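Q: with the sequence up front, the predicted model follows.
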Amino acid sequence: MSAAASLLEARITGKTYRRPDGVAMEAVRDLSLSLARGEFVCLIGPSGCGKTTTLRILTGLDRDFEGTLAPDPAQLSIGIAFQEPRLLPWRTVEENIRIVLPPARRGMDLFGLMETFGLAAHRARYPGELSLGLARRVSLARALAVEPDLLVLDEPFVSLDAQAAVELRRCVTLAAEREQKGAAGRMGVLMVTHNVREALQLADRLVLLAPRPTYILEEVRLGVPRAARSPDWIEAERAALAACFPVLSEV
Ligand SMILES: Nc1ncnc2c1ncn2[C@@H]1O[C@H](COP(=O)(O)OP(=O)(O)OP(=O)(O)O)[C@@H](O)[C@H]1O
């Protein structure tokens with residue numbers, strides 16, 4: 001089997017914040033991560049360890065760090081869905097999605113995307129009228145509308161009720177499995193989560209992060225296809241991981 005095409009190679013040797021009182025806060029130390037096209041990677045780590053900081057560096061939103069990223073994130077098309085949907089309240093659902101498209105594609109037909117995410121009936125509604133689950137679906141559809149090379153999800157299922165979480169997970173799985181740019185250009189997914197079961201359900205690889213200043217404690221490749229991951233399998237894997245990595249009881 002040929003090696004999967006690399007999408008991103010990151011080596012973050014250091015990231016230190018300086019608080020207003022001048023005190024240094026070291027958030028990341030020696031974290032090397034690679035992501036292949038078509039791969040779904042979950043970052044899991046304790047609260048405050050540096051997950052969002054790492055995502056911000058990997059996506060080029062934070063340039064103030066030591067290390068290297070290849071390629072430079074500016075060369076990739078990146079779609080990001082934050083925990084907070086960040087929709088424009090004065091725009092409809094459809095306008096919120098359309099507005100991120102490059103001018104040449106702004107008139108494109110979005111019906112397929114809307115249908116996939118169960119948004120077709122909501123396209124003319126405003127964000128203030130949407131439940132959190134629906135707003136997150138809009139945010140995910142908007143991130144995918146740009147046909148990204150890299151999809152970044154920062155705790156997308158937090159605070160959702162069980163049914164909304166199931167629906168959004170289905171959307172994320174569909175997105176991950178959709179070959180948007182043909183075999184050579186498949187999207188990679190990086191997702192931050194506190195929920196190990198969720199990660200075991202969705203990811204190809206888990207990246208376990210140490211407490212701050214964070215680095216990679218362990219990488220776990222999940223060989224079982226997504227469709228074959230039963231609740232029993234997920235529970236057994238979770239228990240085995242928790243036994244090996246006590247830090248997981250803190251996430
Ligand atoms: N702009 C900032 N200035 C100073 N310190 C910061 C800044 N942003 C984050 N930090 C600190 O850096 C550390 C890592 O923060 P980060 O948000 O990356 O962690 P996280 O793992 O995403 O947290 P959580 O699990 O709570 O979402 C935390 O201690 C946080 O307080």
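A: Received, thanks. What you see is a predicted model, and the numbers here were worked out from it, not measured in a lab.
Q: mind listing the helices in the stretch 1-150 of the chain by residue range?
A: Along the stretch 1-150 of the chain, the stretches classed as helices by DSSP state H, counting those that start in this stretch are 51-58, 93-98, 111-116, 132-145.
Q: what residues does the protein put near the ligand?
A: 17, 19, 25, 27, 45, 47-53, 212 (CB under 6 Å from any ligand atom). All C-beta spots, glycine's among them, are computed from the backbone N, C-alpha and C.
Q: adding distance to residue 84, pLDDT and neighbour count, write those out as TSV.
A: Shown next, in TSV, are those (distance: CB to CB, whole Å; pLDDT from 0 to 100; neighbours: other CB atoms under 10 Å):
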residue	distance to residue 84	pLDDT	neighbour count
17	21	96	13
19	23	89	8
25	23	94	13
27	20	97	23
45	20	91	26
47	17	90	10
48	18	92	12
49	20	93	23
50	19	94	28
51	15	94	25
52	12	92	18
53	17	95	22
212	22	94	19
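Q: determine which two of those are furthest apart.
A: Spanning the widest gap among these are 19 and 45, at 21.3 Å by CB to CB.
Q: need the residue closest to the centroid of this structure.
A: The centre of the chain sits closest to residue 153, judged by CA atoms, centre = their mean, with a distance of 2.3 Å.
Q: how about that residue: what's its closest non-neighbour residue?
A: In space, and not counting its chain neighbours, residue 153 is closest to residue 191: 4.1 Å by CB to CB, 6 or more residues apart in numbering.
Q: need phi/psi at the one you found.
A: phi -130, psi 130 (degrees, to the nearest 10).
Q: residue 156 is in contact with that one, correct?
A: Yes. Under the criterion of CB atoms under 8 Å, residue 191 makes contact with residue 156 at 7.0 Å.
Q: show me whatever sits in contact with both of these two.
A: By CB atoms under 8 Å, 6 or more residues apart in numbering, residue 191 and residue 156 have these common neighbours: residue 172.
Q: and the pLDDT at residue 233?
A: Residue 233 carries a pLDDT value of 96.
Q: got a list of what it touches?
A: The contact partners of residue 233, by CB under 8 Å, 6+ apart, come to residue 224.
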